[in-house]
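# Curious how this folds, go ahead:
(one chain, ligands or ions: 1)
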Amino acid sequence: MKTAIYGNKTISFEQLNREEFQKIYTIGKSGQLHCPSCKETVQLYLGIQHEPHFYHINAPEKKCPEPAPALVSDYYIKRDGFKIPKGRTISGAATVANHFKHANKIESSVTFNRGTSTVTLPFNSPFLQLLAENGVTLDENQAAAVTETEGSLLVLAGAGSGKTRVLTARTAYLLKVKQIDPRSIMLVTFTSKAASEMKNRLLSYPEMKRDQIQQLVTGTFHSIFYRILMFHDAGNWANDKLLKKEWQRDKILKEAGKELGLSEKEFAYDAALQQIGYWKNSLIMPQDVKPLTDWDKNVLFLYKKYEEYKRQNTLFDFDDMLLGCYQLLRNSPEILDYYQQRFHYFLIDEFQDINKVQYELMKLLSGKNQNVCAVGDDDQAIYSFRGSDPSYLLDFEKDFPSAKVITLEQNYRSAHEIVAAANQMIASNKTRRPKQMKAQFSNSSPPLLFFPYDEEEEATMIVTDLQERILNGASPSDFAILYRTNAASRAVFERLSSSNLPFIIDQDAESFYDRYIVRSALSFLKLSLNEDDSESLSDILPILFIKQTMLKEIKALSILKDCSFLETLSLLNTTHAFQEKKLKKTVPIIQSLKTLTPVQAIEKIEKEIGFLDYLKKRGSESNQLEKGSDDLKDLKTAAKSFHTIDALLAHAEHMSAMNKEIKKLSKHFTDAISLSTIHRAKGLEYKTVYLLGAVDGSLPHDHALESSRNGDFSPLEEERRLFYVAMTRAQNELFISVPENRRGKNAARTRFLRPLLTPRKKANFQ
Ligand SMILES: Nc1ncnc2c1ncn2[C@@H]1O[C@H](COP(=O)(O)OP(=O)(O)OP(=O)(O)O)[C@@H](O)[C@H]1O
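Here you go, the predicted model:
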């Protein structure tokens with residue numbers, strides 16, 4: 001149906017602007033839309049599979065007669081011989097199809113040819129045959145990667161090619177066939193979860209003994225090297241001296257920052273911590289840093305102070321575990337010799353994400369026997385911001401000249417349609433080892449691009465799709481919604497929160513409304529409603545360039561002059577005449593916010609109160625990954641759905657509480673939809689994946705586009721790898737969302753999709 005009744009008005013697609021679909025959907029959700037004929041409640045379908053239409057909530061298949069479509073002439077007037085639309089309605093004879101861009105399949109130009117190398121029994125190794133009989137089949141290359149146990153080996157394992165299977169089977173093979181002492185095998189994984197999963201898998205293999213598996217040295221680099229440190233120097237590395245939490249490290253930095261007058265609220269301490277971690281993992285000590293910018297100078301100062309503080313208080317952080325072990329082995333030849341004698345086999349997973357200090361440690365330990373088996377996929381290197389460096393994988397043979405290289409190109413996870421698209425997409429990267437993944441099955445479901453109007457509609461369309469599928473019997477855990485940054489998940493989080501679908505989120509995903517910039521903007525709104533809200537007042541002081549220490553004075557003055565905290569701002573003596581004048585002007589502006597819609601109010605805060613200027617001065621605009629003004633744009637997109645400030649504030653509070661609640665529940669849910677950043681989804685697989693925001697500026701991220709404009713293409717290549725990781729998480733279906741607008745502006749489809757949509761042109765896009 002193309003029409004519905006709202007109040008006493010007839011709503012027809014012919015009269016709707018594209019941006020109004022979401023509004024009508026929300027009205028429909030509250031049961032206020034009715035069928036023009038039978039008057040029953042209807043709702044607007046806003047999903048991926050069909051074009052938008054109204055349907056009867058209690059009888060979706062029911063069709064009622066509809067009023068005749070309005071005539072074109074009803075919508076136009078003639079002026080100077082031209083036909084001009086009468087109002088803001090778009091062209092008279094418009095249909096849904098005219099407003100709505102249909103989903104688009106990414107058809108592969110490569111025909112499906114099933115990979116041929118899956119091994120048929122009997123296999124030449126009785127143990128591998130036994131494994132195969134127990135469901136652990138290996139293809140020819142996988143089998144080679146399992147049985148080539150002597151000397152260094154690089155296993156270039158494409159997405160879904162069975163890295164985990166190879167590593168576990170190789171370990172089992174070493175134990176069972178080669179009779180290797182488990183204590184001489186070191187198996188390094190990227191996460192501790194991966195390590196315990198591998199051990200569990202090993203336990204399920206035939207003829208594996210529990211005590212043998214327990215003796216293997218497995219875990220992350222951190223856990224293994226920490227054990228070594230504890231063994232040799234327990235006094236200095238006791239667990240109670242470890243700075244486990246980010247807030248502990250943050251506190252040390254903030255204390256040091258006071259010496260430079262860096263504001264606790266304004267300076268990006270989280271980014272500074274990340275930068276310090278990057279330096280440490282890259283073996284760049286404070287004396288080696290060559291600061292180029294003011295930011296570098298500030299962070300270097302904090303780095304020195306941070307290290308000094310730890311030394312004085314005999315504390316250490318996670319990065320110190322690796323650095324400490326590296327120094328221990330470098331400075332104590334006898335200890336190094338002991339471990340070189342002890343470990344004979346090194347198996348390292350996710351080798352593309354190894355960093356300098358980890359690499360140097362491996363080189364030291366394997367110095368005598370060179371039995372390093374490195375497994376990784378250069379196309380999935382996505383952690384360079386933490387110091388990971390895929391060139392260790394790309395240049396493996398330089399340091400291990402006798403290394404054999406085995407490439408795993410059979411993809412056992414995803415349908416041909418997904419694999420072919422991912423292959424074609426990643427081929428545009430220049431810094432990679434060429435490989436072509438081959439799928440094992442085809443399901444005639446090519447990846448689908450869909451085109452929501454904006455982030456809000458994107459979320460609605462996905463949740464509609466999920467509801468349909470779960471109603472038809474799919475399990476919530478079959479689905480993942482992936483995105484570039486946590487901030488991008490706001491709308492989908494909100495839509496899922498108001499659905500009855502179970503979902504889980506990352507533990508470190510803070511609520512959008514708790515982000516510093518968003519919270520500050522909301523504090524202006526709160527103050528306009530309650531002029532004595534001291535918490536909100538404290539939040540906005542930095543934006544007005546007033547020191548927190550003035551808060552006491554403001555409170556005292558408000559008692560003395562019998563006025564609200566907010567009014568007191570115009571009475572403040574700041575010793576800067578221009579600032580006092582500005583404050584006098586600002587107070588009535590803040591007071592006037594309460595009469596505006598949320599979007600108008602935020603715009604006023606940006607422009608008339610000078611929030612945007614503040615962001616520029618604060619330097620958050622030069623912060624590569626997270627620009628403060630982007631948060632404000634996102635907030636305006638969210639605020640569009642609310643007519644009053646009260647409603648927006650209540651929603652923000654509710655969402656912030658929901659975030660905490662969902663995180664608690666996330667630990668217990670087993671059958672739930674996963675909401676995850678692409679980074680967090682690495683190594684995981686889902687039947688169906690929805691990828692949000694496939695537009696330039698989101699994926700690739702703005703910072704990578706900026707670098708490429710300055711001639712540095714490596715961040716763009718890393719973003720393309722992220723896109724690849726996202727695509728290859730999907731087993732059966734992949735939905736890629738290309739919103740027409742993002743952050744209130746027209747958005748361009750991601751450049752990464754170009755080679756897939758223009759197959760005949762030579763794919764060479766940077
Ligand atoms: N030889 C094989 N035959 C059948 N299935 C296989 C084979 N090897 C691996 N698989 C299956 O393929 C899927 C992908 O394997 P795995 O997760 O180990 O891949 P991966 O290389 O770690 O992937 P990624 O790097 O993309 O995360 C798993 O479901 C695994 O059980």
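# what about the nearest residue to residue 639 once chain neighbours are set aside, neighbour count?
Taking C-beta to C-beta, 6 or more residues apart in numbering, and ignoring the residues beside it in sequence, residue 639 has residue 598 as its nearest neighbour in space, at 3.8 Å. (Each C-beta comes from the backbone N, C-alpha and C, glycine too.) As a burial measure, residue 598 scores 27 neighbours (other C-beta atoms under 10 Å).
# Can you tell me the centre-most residue of this structure?
With distances taken as C-alpha atoms, centre = their mean, the chain has residue 677 as the residue nearest its mean C-alpha position (2.4 Å).
# Just grab the bridge partners of that residue for me.
residue 483 (DSSP bridges).
# tell me the strands in the stretch 501-650 of the chain, going along the chain?
503-504 (DSSP state E, counting those that start in this stretch).
# Now for the residue in the stretch 651-766 of the chain that the ligand sits nearest to: which residues touch it?
For the stretch 651-766 of the chain and the ligand, the shortest gap (C-beta to the nearest ligand atom) falls at residue 683, measuring 4.4 Å. For residue 683, the contacting residues are 190-191, 194, 350, by C-beta atoms under 8 Å, 6 or more residues apart in numbering.
# Surely residue 101 is within a helix?
No. Counting by DSSP: H, G, I helix; E, B strand; the rest coil, residue 101 falls outside a helix, being coil.
# hmm, back to that, tell me which entries of the contacts of residue 683 lie within helices.
Among the contacts of residue 683, the members found in helices (DSSP state H) are residue 194.
# Could you dump the contacts of residue 683 into TSV with distance to the ligand added?
TSV is the format used below for the contacts of residue 683 (distance: C-beta to the nearest ligand atom, whole Å):
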residue	distance to the ligand
190	10
191	12
194	9
350	8
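# Tell me the bridge partners for the nearest residue to residue 353 once chain neighbours are set aside.
Among residues not flanking residue 353 along the chain, residue 388 sits closest, at 4.2 Å (C-beta to C-beta, 6+ apart). Beta-bridge partners recorded for residue 388 (DSSP bridges): residue 355.
# Residue 388: neighbouring residues, count only.
There are 24 residues near residue 388, going by other C-beta under 10 Å.
# one step back: ok, the residue nearest to residue 639 to the ligand distance?
According to C-beta to the nearest ligand atom, to the nearest Å, residue 598 and the ligand sit 42 Å apart.
# Quick check, that residue in contact with residue 637.
No. Using C-beta atoms under 8 Å as the test, residue 598 is too far from residue 637 to be in contact (11.1 Å).
# Spit out the residues that contact the two alike.
When C-beta under 8 Å, 6+ apart defines a contact, no residue borders residue 598 and residue 637 alike.
# Spell out which parts of this protein neighbour the ligand.
Contact residues (C-beta under 6 Å from any ligand atom) of the chain with the ligand: 137-139, 142, 157, 159-165, 377, 380, 412-413, 683, 728.
# contact partners of stretch 574-581?
Stretch 574-581 is contacted by residues 545-546, 550, 572-573, 583 when judged by C-beta under 8 Å, 6+ apart.
# helices or strands next to the longest strand seen in the chain in the packing?
In the chain, assigned by DSSP state E, the strand with the most residues is strand 730-737. When contacts are defined as 3 or more C-beta pairs under 8 Å, 6 or more residues apart in numbering; DSSP states H and E, strand 730-737 packs onto helix 416-426, strand 448-450, helix 455-471, strand 686-691.
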